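> Just need the structure, nothing else, for what follows:
(2 chains)
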There are 2 protein chains.
Amino acid sequence: MNILIIGAGAIGSFYGSLLAKGGHHVAVLARSDYEMIKQHGIHIISDTALGHWHFMPAEVIKDQDSLSFEPDVILLCTKVLKSLDRVALIRPFVGSNTAIGLLCNGVDVEDSIQAAFKTHEIISGLAFICVTRTQPGTIWHQAYGHVALGNYPYGLSDKTVLLAEAIERAGVKALTTENIVSARWRKCVWNAVFNPLSVLGGGLNTQEMLVALDPIIRAIMTEVMMIAEGVGHPLDPCILEEQIEGTLKMPPYKTSMLLDYESGHEMEIEAILGNAVRAAQRVGVAHPHLETVYHLMTAKAKRSRENQ
Amino acid sequence: MNILIIGAGAIGSFYGSLLAKGGHHVAVLARSDYEMIKQHGIHIISDTALGHWHFMPAEVIKDQDSLSFEPDVILLCTKVLKSLDRVALIRPFVGSNTAIGLLCNGVDVEDSIQAAFKTHEIISGLAFICVTRTQPGTIWHQAYGHVALGNYPYGLSDKTVLLAEAIERAGVKALTTENIVSARWRKCVWNAVFNPLSVLGGGLNTQEMLVALDPIIRAIMTEVMMIAEGVGHPLDPCILEEQIEGTLKMPPYKTSMLLDYESGHEMEIEAILGNAVRAAQRVGVAHPHLETVYHLMTAKAKRSRENQ
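Numbering: from 1, shown residues only, chains lettered A, B, ... in the order given. Modelled structure (predicted):
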């Protein structure tokens, strides 16, 4: 397939390179790293058995540029931020048969895209990975890496399966699901807890949170699970203990929201917390702990912007 | 009366000086400011109609010193902090007829004192004041100043009335109440909200909190009022709106907890939040917003200590 990756950060670079390895024709739209990637491509340095490799995209373009082909799939790999107009970013490249893919965190992150491109296929994906852009065109893959892919609002198309197969051929696990929205809620049970608490607790890693904030962690997880059930995506009750156990076994880990906060970057507050709070309000599920954390994060982000 | 003020910070200096003005024989136990106060007394600079005045205590002592008289009243004016053993601090000066007075924030701050001095009269007091120690022996009184005084767990003794009368003679309003515990809960409705949110929101003043955190402010206030009712101190439902309106009319104000946090001092988390949470648990009142804030503050205080 012809694929356009939008966003040459850690996620876009990593999975774009896997799709190319897996046999697809992959172009990249880069912004800040455009010059470097255009000339030298992207170097991926993995601490896992994948080793190191180099990815030279079939085309490298920047905003306003046109593409030599109509993509079968656009894979949008940016964060979901208030300041970023995702629809405007992808619109110039959407052909009549283009499927639009999203690889991002959060819940209810597809509706605004679906609303703008009503008849287009939407592919929704989650990445479970520790990966960082260390310098322009260089990506450090620390651990994990599997993805979950499915169609929004449900189902599994040929294109989605082709994406997953290519990633698997490149050596990384790619789960496909007919119900990606449930998978988003499942991931949100972790994200809506550890991300904001790491910031609000004064800069805590995962292990420090597990020690200091156990009752709050469990309370917010339970609320997110109730919201998920309320919007029609009941989750296995075991996942609460599983996620806590899994986090206990991970090395101490700084969440992406904490890293963003510490470096003065915009945080994915709305995608992860705001959308969960709005879903709770829509279906009338009590969410007092989550609400507290959401409003505190909003206030903290505002204060952080003012201080810059 | 013979009065010993323990703690020569802003509160102790201000009210000690008023009790002296009002005709009592007032000694002061000072710690860090001992030398300065011993030699020069305390200067009080008020922005209110009270003007400026000088207070030379009848005696100035430090820890381990003895006092030339047995006090009729000890007035403990320290913050209520985990690191401070209040019982040990007052024990050397407690005579058989000494009443023990506490001028501090928080709820359930009297029981440990009452438990240590079972047969002694306990006077409990709240100060509504903006006052700061600007340098050793110098106190800046910015606004307000009235106190509420009563006996713990209830009632109104002659000594309590004498204290109130002296403060009134010195020009400051002193309310007496038979039910000081209710007054503590009423004040806690404000303190348990604005103090922690100012810290967790990233350093917000009162006006910024009212704009950014209105739903959380109301939610926590409501919980504290339900807890107060649960422990037998139902509050007038109007006080929620009254306190919000009152805070809106105040100039933007940094809470004492935020000032303590910013200067790396210990915060009164247990006296204000922890004791309210434990009261809620005791009587089975739901308090999810307060619980979230309490645990986050505990984590943040721990992190703050580690960073010092």
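> count of residues packed around residue A:252?
When neighbours are counted by other C-beta atoms under 10 Å in any protein chain shown, residue A:252 registers 11. Just so you know, the C-beta spots here come from the backbone N, C-alpha and C atoms, and that holds for glycine as well.
> any idea of the pLDDT on it?
Looking at residue A:252, its pLDDT stands at 90.
> which residues sit in contact with it?
Residue A:252 makes contact with A:205, A:206, A:207, A:208, according to C-beta atoms under 8 Å, 6 or more residues apart in numbering or on different chains.
> Of these, which are in range of chain B?
Among the contacts of residue A:252, the residues lying close to chain B (C-beta under 8 Å from any C-beta of the partner chain) are residue A:208.
> which two in the contacts of residue A:252 are spaced the farthest apart?
Pairwise distances across these (C-beta to C-beta) peak at 7.4 Å, for the pair A:206 and A:208.
> can you map out the helices along the stretch 1-150 of chain A?
Using DSSP state H, counting those that start in this stretch, the helices assigned to the stretch 1-150 of chain A run over residues A:10-21, A:34-40, A:86-90, A:111-116.
> and these, which is most packed in?
helix A:10-21 (a mean of 25; mean count of other C-beta atoms under 10 Å in any protein chain shown).
> Hmm, residue A:2 is touching residue A:72, no?
Yes. Between residue A:2 and residue A:72 there is a contact under C-beta atoms under 8 Å: 5.0 Å.
> how about TSV for the contacts of residue A:252, with secondary structure and neighbour count added?
Output for the contacts of residue A:252, formatted as TSV (DSSP: H, G, I helix; E, B strand; the rest coil; neighbours: other C-beta atoms under 10 Å in any protein chain shown):
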residue	secondary structure	neighbour count
A:205	coil	17
A:206	helix	19
A:207	helix	14
A:208	helix	19
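> between the contacts of residue A:252, which is nearest chain B?
Taking C-beta to the nearest C-beta as the measure, chain B lies nearest residue A:208 of the contacts of residue A:252, at 7.7 Å.
> what sits against that closest one?
Per C-beta under 8 Å, 6+ apart, neighbours of residue A:208: A:201, A:252, B:299, B:303.
> which among those end up buried?
Applying 16 or more other C-beta atoms under 10 Å in any protein chain shown to those, the neighbour count classes A:201, B:299 as buried.
> Quick check: the farthest pair among the contacts of residue A:208?
Using C-beta to C-beta, the pair of those lying farthest apart is A:252 and B:299, separated by 14.7 Å.
> tell me, what residue is most central in chain A?
residue A:104 (2.1 Å; C-alpha atoms, centre = their mean).
> What pLDDT does the model give the closest residue to it other than its chain neighbours?
Among residues not flanking residue A:104 along the chain, residue A:80 sits closest, at 5.2 Å (C-beta to C-beta, 6 or more residues apart in numbering or on different chains). If you check residue A:80, the pLDDT there is 97.
> so residue A:80 makes contact with residue A:268?
Yes. Judged on C-beta under 8 Å, residue A:80 makes contact with residue A:268 at a distance of 5.7 Å.
> Go through stretch A:240-253 and flag the buried ones.
A:240, A:243, A:244, A:247, A:253.
> of these, closest to residue B:116?
In terms of C-beta to C-beta, no member of the buried residues of stretch A:240-253 lies closer to residue B:116 than residue A:244, at 40.6 Å.
> ok but the closest one is inside a helix, no?
Yes. Assessed with DSSP: H, G, I helix; E, B strand; the rest coil, residue A:244 lies in a helix.
> any idea how far it lies from residue A:209?
10 Å (C-beta to C-beta, to the nearest Å).
> list the residues that contact both of these two?
Contact criterion C-beta under 8 Å, 6+ apart; residues shared by residue A:244 and residue A:209: residue A:217.
> For whichever strand or helix holds residue A:275, name the packing helices and strands.
With elements taken from DSSP states H and E, the one containing residue A:275 is helix A:275-283. For helix A:275-283, the elements it packs on are helix A:214-230, helix A:288-306, judged by 3 or more C-beta pairs under 8 Å, 6 or more residues apart in numbering or on different chains; DSSP states H and E.
> Run through who's touching that helix.
Contacts for helix A:275-283 (C-beta under 8 Å, 6+ apart): A:106-109, A:188, A:192, A:223-224, A:227, A:230-231, A:285-287, A:290-291, A:294.
> Which members of those are classed as buried?
Using 16+ other C-beta under 10 Å, the buried ones in the contacts of helix A:275-283 are A:106-109, A:188, A:192, A:223-224, A:227, A:230-231, A:285, A:287, A:290-291, A:294.
> ok, and which of the residues you listed reach chain B?
residue A:291.
> Among the buried ones among the contacts of helix A:275-283, pick out the one closest to chain B, please.
Taking those together and measuring to chain B by C-beta to the nearest C-beta, the closest member is residue A:291, at 6.9 Å.
> now the residue nearest to that closest one when sequence neighbours are not counted: how far from residue B:36?
Leaving out its chain neighbours, the residue that sits closest to residue A:291 by C-beta to C-beta, 6+ apart is residue A:277, at 6.1 Å. Going from residue A:277 to residue B:36 by C-beta to C-beta gives 52 Å.
> Residue A:24 contacts residue A:15, correct?
No. Contact criterion C-beta under 8 Å: residue A:24 and residue A:15 do not qualify, at 11.0 Å.
> Can you mark which positions in the helix or strand hosting residue A:161 are buried?
For residue A:161, the element it lies in under DSSP H and E is helix A:158-169. Buried residues in helix A:158-169, counted by 16+ other C-beta under 10 Å: A:159, A:160, A:162, A:163, A:164, A:166, A:167, A:168.
> relative orientation of it and helix A:10-21 in degrees?
Orientation check (axes from the mean of the first three to the mean of the last three C-alpha atoms, to 10 degrees): helix A:158-169 against helix A:10-21 gives 90 degrees.
> tell me the mean pLDDT for helix A:158-169?
Regarding helix A:158-169, the rounded mean pLDDT is 98.
> just checking, what packs against that helix?
Counting by 3+ C-beta pairs under 8 Å, 6+ apart, helix A:158-169 packs on helix A:10-21, strand A:73-76, strand A:99-103, strand A:122-135, strand A:138-152, strand A:174-176.
> Go through the residues of the stretch 51-200 of chain A and report the one nearest to chain B.
residue A:200 (5.0 Å).
> How many residues are close by that residue?
Other residues close to residue A:200 by other C-beta under 10 Å number 30.
> Can you read off the pLDDT for it?
So, for residue A:200, pLDDT stands at 98.
> I'd assumed residue A:53 was in contact with residue A:21.
Yes. In this structure, residue A:21 is within contact of residue A:53 by C-beta under 8 Å, at 7.4 Å.
> Check what pLDDT the residue nearest to residue A:291 gets.
At residue A:277, the predicted lDDT confidence score is 98.
> what does the stretch 151-300 of chain A have sitting close to chain B?
Counting by C-beta under 8 Å from any C-beta, the stretch 151-300 of chain A sits next to chain B at A:197, A:200-204, A:208-209, A:212-213, A:215-216, A:219, A:288-289, A:291-293, A:295-296, A:298-300.
> Just the buried ones from those?
Applying 16+ other C-beta under 10 Å to these flags A:197, A:200-204, A:208-209, A:212-213, A:216, A:219, A:288-289, A:291-293, A:295-296, A:298-300 as buried.
> Contacts only, for residue A:44.
A:13, A:14, A:17, A:50, A:52, A:53, A:54, A:55, A:139, A:141.
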